[in-house]
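**Q** coords please:
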Amino acid sequence: MSTAETPTQLRIAAHTTLRLGGPARRFVTATTSDDLVSAVRAADDAGEPVLLLGGGSNLVVADAGFDGTLVKIANTGWTGTGGQVDVAAGQHWDEFVAGLVEAGVGGLECLSGIPGSVGATPIQNVGAYGCEVAESLVSVELYDRAAREVRTLTAAELGFAYRTSVLKGTETGVVLSVRFALTEDGLSTPIRYAELARVLDVEIGARVPAADARAAVLGLRRGKGMVLDAADHDTWSAGSFFTNPIVPSAEFEAALAVLTEVVGPDVRVPRYPADGGVKLSAAWLIERAGFAKGHAGPGGRVSLSTKHTLALTNRGEASTEDLLTLAREVRDGVRARFGVTLLPEPLLINCAL
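**A** Got it, this is the predicted structure:
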């Protein structure tokens, strides 16, 4: 059922992994897909702005909060044990992945440990350790707010690209459930990420027991402060704050010349093939621009993670503006040194860099 919460529960900070964000005027929890559609439709009919909240792991919300209705997506569960699996948008992502691995279903194990809910994963084409949601996603069921109807979009219609889809940056589609095509042989997808292959002691392209891949990924993520832990301020973050920049192919040689001039000809600039260009490492750029792990922002209330320079963290008493000030410092420092502009990965609500 859909329930409205009391004023003491309206502060958004309590519902995000950054623990930042001011109040929402109204807060509704929807525990079924029908309730989710009804809540959004009612707000639309009333001309009320809507903010959709899943796990809160990819949101940076202004200190002023959100002057509208925040709808908590809380439908959960999944059906199917392999082949095609349908999962509710509000289902906790890592609980879902863990359940699949325990059932001997492979395909998503390299995305273990990612915080947030299932419904958010197709919006930004969540990826890690050589895998992306787009590779196994079949379709999404969503509520089309413009057409006022429930529709199904296939993977091809979602326009997946690096950390994005046609749903990102738009408020039109409300994801209700996601369908994945997975395998039932108990093995992982082919291991593509060099660091993960080293930990597993296998060659690139090998398949391993899904449980082994999950354990290795969780170990790597913990070492980088990327597995949520309330006692560890390095995990009070929105994950990787900046995406790895993609330089168009036609511009790459010029960009590489600038990078090489700054760091010297004997330093290899990490780069990877990407659609339409070459992907650079945001973490490498941040570190070479002079921002070390633990680099502090205003008053030490925020900092880069002490384990991973891509994560901007709340050290306990921060404001959203503190976080944005640090993000601007890092972005501007990288641009001044290398001529490359880093873009934020999380959604910025009622605020901007």
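**Q** okay, now the unreliable bits of the protein?
**A** Along the chain, the model assigns pLDDT under 70 to residues 1-9, 81-82.
**Q** longest helix in it, please.
**A** Counting by DSSP state H, the longest helix found in the chain is helix 320-338.
**Q** that helix - contacts with which helices or strands?
**A** strand 59-61, helix 249-263, helix 282-288, strand 302-304, strand 311-314 (3 or more Cβ pairs under 8 Å, 6 or more residues apart in numbering; DSSP states H and E). From N, CA and C alone the C-beta is placed, and that goes for glycine too.
**Q** A strand includes A213, no?
**A** No: using DSSP: H, G, I helix; E, B strand; the rest coil, the secondary structure at A213 is helix, not a strand.
**Q** ignoring the adjacent residues along the chain, who's closest to it?
**A** S188 (3.9 Å; Cβ to Cβ, 6 or more residues apart in numbering).
**Q** try N314
**A** Take N314 and drop its neighbours on the chain: the residue closest to it by Cβ to Cβ, 6+ apart is W236, 4.3 Å away.
**Q** from L20, how far off is that neighbour?
**A** Remark: distance between W236 and L20 (Cβ to Cβ, to the nearest Å) = 9 Å.
**Q** which stretches of the stretch 101-250 of the chain form strands?
**A** 127-128, 131-132, 137-144, 149-154, 173-181, 237-240, 246-248 (DSSP state E, counting those that start in this stretch).
**Q** angle of the helix or strand in which D67 is found against strand 173-181?
**A** Taking DSSP states H and E as the definition, D67 sits inside strand 66-73. For strand 66-73 against strand 173-181, the angle by axes from the mean of the first three to the mean of the last three Cα atoms, to 10 degrees is 30 degrees.
**Q** who's in contact with stretch 255-265?
**A** The contact list for stretch 255-265, computed with Cβ atoms under 8 Å, 6 or more residues apart in numbering, reads V247, V267, V269, R271, L280, R288, R337, F338, G339, V340.
**Q** what do W236 and L20 both touch?
**A** Contact criterion Cβ under 8 Å, 6+ apart; residues shared by W236 and L20: N314.
**Q** picking that back up, what number of residues lie near the residue nearest to A213?
**A** Other residues near S188 come to 28 when the count uses other Cβ atoms under 10 Å.
**Q** ok, now A282?
**A** A282 has 22 nearby residues by other Cβ under 10 Å.
**Q** thought it was touching P245?
**A** Yes: the pair A282 / P245 is scored as a contact, 6.4 Å apart, by Cβ atoms under 8 Å.
**Q** so for these two, which residues contact both of them?
**A** L342.
**Q** state the distance from the residue nearest to N314 to A230.
**A** 8 Å.
**Q** neighbour count for these two, which is higher?
**A** Here W236 and A230 are compared on neighbour count by other Cβ under 10 Å; more neighbours surround W236, at 24 against 8.
**Q** any idea of the angle the one helix or strand E95 maps to forms with strand 173-181?
**A** Per DSSP H and E: E95 is located in helix 93-102. Relative orientation of helix 93-102 versus strand 173-181 (the same axes, to 10 degrees): 10 degrees.
**Q** just the buried residues of helix 93-102, please?
**A** Across helix 93-102, burial judged by 16 or more other Cβ atoms under 10 Å covers W93, D94, F96, V97, A98, G99, L100, V101.
**Q** ok, the third one touching A89?
**A** No: in this structure, F96 is not within contact of A89 by Cβ under 8 Å, at 11.1 Å.
**Q** between the two, what contacts are shared?
**A** V118.
**Q** who are the neighbours in contact with L36?
**A** With Cβ under 8 Å, 6+ apart, L36 has these contacts: S2, A30, V71, I73, N75, A89, G90, Y143, V174, L176.
**Q** what do you get for L348?
**A** V60.
**Q** kindly report the same for F160.
**A** So F160 contacts P122, N125, E132, V133, A134, L137 (Cβ under 8 Å, 6+ apart).
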